[in-house]
Structures are given as structure tokens and as C-alpha cells.
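Enquirer: Fold the following and give me the result.
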Amino acid sequence: MAAAASTAATPLLTDELDIVIPTIRNLDFLEMWRPFFEKYHLIIVQDGDPTKTIHVPEGFDYELYNRNDINRILGPKSSCISFKDSACRCFGYMVSKKKYIYTIDDDCFVAKDPTGHDINALEQHIKNLLCLSTPFFYNTLYDPYREGADFVRGYPFSLREGVPTAVSHGLWLNRESSLSV
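Expert: Next comes the predicted model:
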């Protein structure tokens, strides 16, 4: 029941979060994410052939960019956006005006919990972002304190207590540089 309730819950941070999706294909996968994503703004960055039409299901608020748009917007600096490994998502980060960005690949499917209910990964990620975290190390797994969960390799045993945290990239900060900030 908890998973079903989270689907109907009021979405968090709808005015403060963009969802960035790099893609090479039609975005039919968004249908399975609709209950979780439809209240958010999507920034879709098309990888590959800019003349190919990308289908986005109806009902989503989105902007769609391709290589031609990036060339037009960035001009001579457009070569800094790689189109070889979905790094084109960086352009989505650049054009977002929101405080938070959630990114997902176009081949990610909604996971199910042990009872078969859909897991709202976006909601879990947002809740983790809004929690306090330790100052130097970040566990990139959702809810490592859940029974049966574990910490990522390299996370110090001495710091495996506290609150769950989330981060999009990296496992920890360089301690010396973070102290000088």
C-alpha cells in the first residue's frame, strides 16, 4: 500500500526540479514513468541524427533539443558537448534554470518493490536530497539503512550511521578541498 500511496502523493519540488533525458530513440518508456514524471518539466536532449523525429508521449511538459539547437545556442563553444556517450545530458544541465536536476536514461524502466508495486525513484531521490548528510562521504544507494541493503565499496565503516543521502555523481569529496571552502 505504501508504494501505491506514494504514486498519489503530491509531487515534491515541482517548481524546483527539471528531469533531463538524453535520448537516441522515441520516448515511449515515459509512459511507465508517467505517474511520477507528469508534473515535472522535462529537458530532452537528442543524441545522434538531428533530422530524426523523436516521439514524446502527449501530456508531458518538455523542451526537446538536438545537435542543431546546441550549435545555434552555443556557437563555437558547442564542441564542448560530446555526442558520443549520452554526455549530451550536460547541455540539459546547462539550460535548466531549476535548483535540482534529476537525470534518467531512455532505457531505464520503473523498478518494482518485493510486493510488485512500482518504486518512485524520483520521489526517493528528492527525499534523500532534502535530508541532512555527512560532510565528506556520500552513499549513492537509496536507503542503505533498509534491512538487507549495503553501502557502496569504499564507504568507511566508521561513517555507516546517520541519515540516508543521495548524490548524482561521485562517492566522496576530497577532504582537504572541502575544508578550505
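
Enquirer: Residue 98 against residue 14, yeah?
Expert: No. If you go by Cβ atoms under 8 Å, residue 98 and residue 14 don't touch, sitting 9.9 Å apart. All C-beta atoms are positioned from the backbone trio N, CA, C, and that covers glycine.

Enquirer: ok, those two, which is more surrounded?
Expert: Remark: of residue 98 and residue 14, residue 98 carries more neighbours, 17 against 12, as counted by other Cβ atoms under 10 Å.

Enquirer: now the more buried one: how far from residue 17?
Expert: 5 Å (Cβ to Cβ, to the nearest Å).

Enquirer: cool, residue 88 as well?
Expert: Using Cβ to Cβ, we find residue 88 at a distance of 20 Å from residue 17.

Enquirer: which stretches of this structure form strands?
Expert: Counting by DSSP state E, one finds strands in the chain at the ranges 17-23, 41-46, 61-65, 100-103.

Enquirer: Return the list of helices and strands in contact with the first one.
Expert: The one in question is strand 17-23. strand 41-46, helix 89-95, strand 100-103 (3 or more Cβ pairs under 8 Å, 6 or more residues apart in numbering; DSSP states H and E).

Enquirer: Can you add mean neighbour count, distance to residue 53 and mean pLDDT and give the ones you listed back as a markdown table?
Expert: What follows is the helices and strands packed on strand 17-23, written out as a markdown table (neighbours: other Cβ atoms under 10 Å; distance: least, Cβ to Cβ, whole Å; pLDDT from 0 to 100):
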| stretch | mean neighbour count | distance to residue 53 | mean pLDDT |
| --- | --- | --- | --- |
| strand 41-46 | 23 | 10 | 96 |
| helix 89-95 | 19 | 19 | 92 |
| strand 100-103 | 18 | 23 | 90 |
